[in-house]
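Undergrad: Generate coordinates for the sequence data below:
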Amino acid sequence: MNEAEEAAGLPKTSNYRYAKRVGNQLFVAGQVPHDSNGQLVGQSAPSVQATQCLANLRQLLIVYGFSESDIQQVTIYVIGEPANLASAWNAVEQWFDDEVPPATLLGVAQLGYVDQLVEIDATIIQET
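TA: Residues are numbered from 1 along each chain as shown. Down below sits the predicted model:
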């Protein structure tokens, strides 16, 4: 189902697609902090997890022929106290070199994997 993504080093997913390109848009699943072996990184470290989520997003953009400048909006989901949100946000700011597109930072009660603290979703559109 995700052969191109797996060939690019993204971890295998179970029963869902990473993304679907429709014209100049890329619809993406929320990116999780797994390395290429499918292992969660940065246990107890929201900044490390946010950076891994964004690295996975970058790899996904490359697979589908998009670039970071095509990211039009991001949503960052973070579990825990305000310090976790601040830590994840700092990583996002650094990754975007302080030029973050429109963004929403949300504190949530739970995410899909044990010990997962961060997930990042994005709206991807190539301007024509």
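Undergrad: what are the C-alpha coordinates of the lowest-mean-pLDDT helix or strand in the chain, in PDB please?
TA: Of all helical and strand segments in the chain, the minimum by mean pLDDT, DSSP states H and E falls on helix 3-7, at a mean of 81. Presented in PDB, the C-alpha positions along helix 3-7 are these (Å, rounded to 0.1, in the frame of the first residue of the first chain):
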ATOM      1  CA  GLU A   3       5.700   1.000  -1.300                       C
ATOM      2  CA  ALA A   4       7.100   4.400  -2.400                       C
ATOM      3  CA  GLU A   5       7.100   5.700   1.200                       C
ATOM      4  CA  GLU A   6       8.700   2.600   2.600                       C
ATOM      5  CA  ALA A   7      11.400   2.700  -0.200                       C
END
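Undergrad: so what secondary structure elements neighbour it?
TA: Packing partners of helix 3-7 (3 or more C-beta pairs under 8 Å, 6 or more residues apart in numbering; DSSP states H and E): helix 46-63. C-beta coordinates here come from the backbone N, C-alpha and C atoms, glycine included.
Undergrad: next helix or strand past the helix it packs on?
TA: strand 71-79 (DSSP states H and E).
Undergrad: Other residues contacting that next one?
TA: 30, 46, 50, 57, 61, 84-85, 88-89, 92, 100-111, 116-125 (C-beta atoms under 8 Å, 6 or more residues apart in numbering).
Undergrad: ditto for stretch 112-122
TA: With contacts defined as C-beta under 8 Å, 6+ apart, stretch 112-122 is touched by 28-34, 40, 42-46, 49-50, 53-54, 57, 71-80, 84, 88, 92, 111.
Undergrad: quick one: that stretch to chain centroid distance?
TA: Here the centre of stretch 112-122 is set off from its chain's centre by 9 Å, with C-alpha atoms, centre = their mean, to the nearest Å.
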